[in-house]
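Sharing a model prediction with you, sequence too.
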Amino acid sequence: MNGGGLTKVPDSLISPSIKFPKITVEREEISGFRGHFNRIVSHKVDWETMNKGCKNWIKNPLNMAFLLWVSCVAISGAILFLVMTGILNNVLTKKSERDAWFEVSNQIINALFTLMSLYQHPKRFHHLVLLCRWKLKDVSMLRKMYCKNGTYKPQERAHMLVVIVLLHVNCFAQYALCGLNLGYRKVERPNIGVAICLVIAIAAQAIAGVYCIVSPLGKKYTFEFDEEAQDQKHTNGVAQLKSSCLISLEKEYSSEHEPEWKGGLLDLCDDGVSMTPLYLLCGFCVFGWNMERLGFGNMYVHIATFFLFCTAPLLIFGLAATHFDNEIIKEALGLTGVALCVFGLLYGGFWRIQMRKKFNLPANHLCCGNPAVTDCAQWLFCCWCSLAQEFRTANYYDMVESKFCKAAAVLPLQHDDKVIQLSISSSSILLGKEGCSQSSKVDNTVIINNFMKPPVTSTIQREDSNIL
């Protein structure tokens with residue numbers, strides 16, 4: 001007792017009979033907390049579903065390429081960090097060796113980020129064009145890309161402009177950084193310029209991502225009367241107009257539920273002498289035009305992206321190889337650029353997969369029993385033949401509502417022992433402000449005794465009559 005209060009007894013003076021129950025209670029509390037935590041983890045995390053989702057994610061060719069890109073960046077970045085911090089000084093005893101490893105890692109990282117910017121830049125330019133044009137279809141596409149839930153946002157055009165400009169700044173800053181890395185050797189390279197370009201490139205990308213979240217683009221709004229309702233009303237009107245026009249084609253077209261590839265993979269000459277040089281000399285243009293008419297995006301974006309996939313790696317890695325005197329490093333960087341250019345043909349294989357899935361075309365299980373692997377292999381080892389087959393298939397069928405259709409067969413009409421054969425050519429639907437118009441060509445042919453004769457022009461004879 002001290003001044004009428006209770007004093008705390010030290011733990012060393014507490015008897016074991018009192019201390020043991022206290023320790024037991026504390027252990028039970030800890031074990032209870034662990035059990036509660038384990039129950040939360042077991043209920044919240046479905047490992048089987050997560051494992052299945054990861055497998056489905058990795059099966060996507062784009063995700064596989066992105067994972068490979070991240071792995072290369074991580075390995076090169078780790079080597080660069082270890083050399084800069086001196087951790088590898090015991091392994092790389094000479095300064096020349098450390099400088100070589102530093103420069104190789106730096107050039108690889110620079111090339112990988114530059115290639116990523118080049119591959120994305122055509123699409124970003126396209127988004128800028130859509131933003132300037134700002135038509136109904138353009139607005140819908142931009143909302144899907146930059147707006148949460150793809151819905152209308154207040155002042156969305158201005159906010160989208162901020163994001164798109166920041167993404168362009170990211171690309172141009174990366175190009176400037178690439179120019180400094182490729183244009184100067186390590187001892188002559190301006191470190192201040194490299195630091196400024198690096199900061200701008202990283203900051204622009206980060207600010208664009210954060211802006212999409214914190215700005216009205218990343219928020220959810222509810223309006224009683226907004227522009228989205230007007231756009232939706234106009235869209236519904238166009239859809240009704242389009243469907244009414246399509247009804248008139250039901251008798252002329254029949255949906256092809258099981259379409260086939262037109263011709264074999266090696267039937268390159270079936271398209272005629274005029275088309276074969278076009279495949280060989282202007283394959284990027286043919287590919288882009290074919291993708292646009294099949295509904296897979298803008299033609300110019302496909303042309304530019306495919307061209308960059310097949311040429312940019314060789315240029316960048318070839319220029320990086322000039323910074324080294326070691327022949328082994330030069331050959332390794334050069335062969336890396338060539339390999340990436342060859343694997344750039346997989347861009348065509350990816351869109352062949354999308355074409356096959358969208359239009360229900362027959363799959364080929366030749367490679368590893370996997371149709372996707374076979375599609376990529378066909379583009380990798382026979383790119384012109386694959387392009388020709390896709391082009392022929394798109395020409396053979398008519399496109400109606402993003403489906404492959406064929407002209408419906410018309411039965412012959414019997415009349416006075418004559419057979420009238422009607423042949424209906426492909427029709428086109430034109431949608432505009434005035435409505436829809438259908439243009440079709442109908443040729444009438446009269447077949448008598450298996451000989452084709454032109455139809456006889458009908459004449460009207462008038463008899464003269466006496467007028468009293």
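Arrived safely. Residues are numbered from 1 along each chain as shown.

need the longest helix for the protein.
helix 95-133 (DSSP state H).

Who are the packing partners of the helix or strand following that helix?
Following helix 95-133 in sequence order, the next helix or strand is helix 136-146 (DSSP states H and E). Applying 3 or more C-beta pairs under 8 Å, 6 or more residues apart in numbering; DSSP states H and E, we find helix 136-146 packed against helix 95-133, helix 156-183, helix 227-247. Just so you know, the C-beta spots here come from the backbone N, C-alpha and C atoms, and that holds for glycine as well.

mind redoing it with 6 Å?
In terms of contacts (3 or more C-beta pairs under 6 Å, 6 or more residues apart in numbering; DSSP states H and E), helix 136-146 is packed against helix 156-183.

Can you mark which positions in the helix it packs on are buried?
156, 159-160, 163-164, 166-171, 173-178, 180-182 (16 or more other C-beta atoms under 10 Å).

Which neighbouring elements make contact with that helix?
Using 3+ C-beta pairs under 6 Å, 6+ apart: helix 156-183 touches helix 95-133, helix 136-146, helix 191-214.

Buried deepest among the ones you listed, which one?
helix 95-133 (a mean of 18; mean count of other C-beta atoms under 10 Å).

what is the mean pLDDT for the helix or strand hosting Lys52?
Element membership of Lys52, judged by DSSP H and E, is helix 47-59. Across helix 47-59, pLDDT averages out at 80.

how many degrees apart are whichever helix or strand comes after it and helix 95-133 in direction?
Sequence order places helix 61-85 as the next helix or strand after helix 47-59, per DSSP H and E. Inter-element angle recorded for helix 61-85 and helix 95-133: 140 degrees (by axes from the mean of the first three to the mean of the last three C-alpha atoms, to 10 degrees).

And the contacts of helix 61-85?
With contacts defined as C-beta atoms under 6 Å, 6 or more residues apart in numbering, helix 61-85 is touched by 57, 88, 98, 101-102, 105, 108-109, 112, 350.

likewise stretch 169-177?
With C-beta under 6 Å, 6+ apart, stretch 169-177 has contacts from 113-114, 117, 121, 197-198, 200-201, 204-205.

could the helices and strands packed on helix 156-183 be laid out in CSV, adding mean pLDDT?
Conversion of the helices and strands packed on helix 156-183 to CSV gives the following (pLDDT from 0 to 100):
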stretch, mean pLDDT
helix 95-133, 94
helix 136-146, 92
helix 191-214, 95
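
closest one to Phe287 among these?
helix 95-133 (13.7 Å; C-beta to C-beta).

between the closest one and helix 156-183, how many degrees?
Using the same axes, to 10 degrees: helix 95-133 against helix 156-183 is 150 degrees.

how much does helix 95-133 deviate in direction from helix 136-146?
140 degrees.

Got the phi and psi for Val286?
Dihedral angles of Val286 (phi, psi; degrees, to the nearest 10) stand at phi -60, psi -40.

List the contacts of it.
Contacts of Val286 (C-beta under 6 Å, 6+ apart): Leu278.

now do 7 Å
278-279, 387, 391 (C-beta atoms under 7 Å, 6 or more residues apart in numbering).

most surrounded residue in the residues you listed?
Leu387 (22 neighbours; other C-beta atoms under 10 Å).

Secondary structure of it: a strand, I assume?
No. Per DSSP: H, G, I helix; E, B strand; the rest coil, Leu387 lies outside any strand segment and is helix.

what is the rounded mean pLDDT of stretch 215-222?
88.

Repeat that for stretch 390-409.
Computed over stretch 390-409, the average pLDDT equals 77.

ok, back up a step: counting contacts, what elements does the helix holding Lys52 pack onto?
Packing contacts for helix 47-59, counted by 3 or more C-beta pairs under 7 Å, 6 or more residues apart in numbering; DSSP states H and E, involve helix 61-85.

Please point out which parts of the helix it packs on sit buried.
61, 76, 79-80, 82-83.

so can I have a markdown table of those residues showing distance to Lys137?
Output for those, formatted as a markdown table (distance: C-beta to C-beta, whole Å):
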| residue | distance to Lys137 |
| --- | --- |
| Pro61 | 28 |
| Ser76 | 42 |
| Ile79 | 47 |
| Leu80 | 45 |
| Leu82 | 51 |
| Val83 | 51 |
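
and the two most separated of the contacts of stretch 169-177?
Farthest pair in the contacts of stretch 169-177, by C-beta to C-beta: His121 and Leu198, 18.3 Å.

which other residues reach the helix or strand hosting Trp351?
Using DSSP H and E, Trp351 sits within helix 346-358. With C-beta under 7 Å, 6+ apart as the test, helix 346-358 has contacts from 61-62, 287, 291, 294, 296, 305-306, 309, 361, 363, 372, 375-376, 378-380, 383, 386-387, 390.

which of these are buried?
61, 287, 291, 294, 296, 305-306, 309, 361, 372, 375-376, 378-380, 383, 386-387, 390.

Let's see which of these end up in helices.
Reading helices off those with DSSP H, I get 61, 287, 291, 305-306, 309, 372, 375-376, 378-380, 383, 386-387, 390.
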